[in-house]
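In: Return a 3D structure for these sequence lines:
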Amino acid sequence: MKIKVLFFAKARSLTGCSAHEFEVADGSCLHDLTTSIYTVFPELLSIGSTLLWAVNGKYSGQDQILSDLSEVACFPPVSGG
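Out: The predicted structure follows:
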């Protein structure tokens with residue numbers, strides 16, 4: 001399956017790109033994808049414990065099953081004032 005991953009804020013700075021496409025096996029979950037992401041972009045491990053993930057616009061846990069052409073957003077927590 002092809003999964004598009006969008007990187008925001010510090011995640012974008014660390015990867016050097018705003019988006020990257022990953023290929024994962026059918027039935028993969030978000031955990032499988034994040035393992036691939038950290039392999040391609042090991043610099044993300046420095047903030048990995050704080051990253052938030054959204055699949056198709058909804059915050060998701062690592063057990064979220066992905067489907068072909070899912071869009072995953074990766075971003076650190078944000079705060080505003």
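
In: contacting residues around the longest helix seen in the chain?
Out: Identified as the longest helix of the chain according to DSSP state H is helix 30-40. With contacts defined as C-beta atoms under 8 Å, 6 or more residues apart in numbering, helix 30-40 is touched by 3, 5, 20, 22, 24-25, 44-45, 48, 53, 55, 60-64, 66, 72, 74. To be clear about C-beta, it is placed using only N, CA and C from the backbone, and glycine gets the same treatment.

In: Thought Ala11 was touching His20, still the case?
Out: No. Here His20 does not reach Ala11: they are 10.8 Å apart, not a contact under C-beta atoms under 8 Å.

In: The two: which has the busier surroundings?
Out: In terms of neighbours (other C-beta atoms under 10 Å), Ala11 is the more surrounded of His20 and Ala11; the figures are 25 against 17.

In: thinking again about what came up before, out of the contacts of helix 30-40, name the ones that lie in strands.
Out: In this view, these that belong to strands under DSSP state E are 3, 5, 20, 22, 53, 55, 72, 74.

In: and the two most separated of the residues you listed?
Out: Farthest pair in the ones in strands among the contacts of helix 30-40 (C-beta to C-beta) is His20 and Val55. Separation: 15.5 Å.

In: Bridged to the spatially closest residue to Val72 that is not a sequence neighbour, which residues?
Out: Of all residues not flanking Val72 in the chain, Val5 sits nearest, at 4.8 Å (C-beta to C-beta, 6 or more residues apart in numbering). Beta bridges link Val5 to His20, Val72 when assigned by DSSP bridges.
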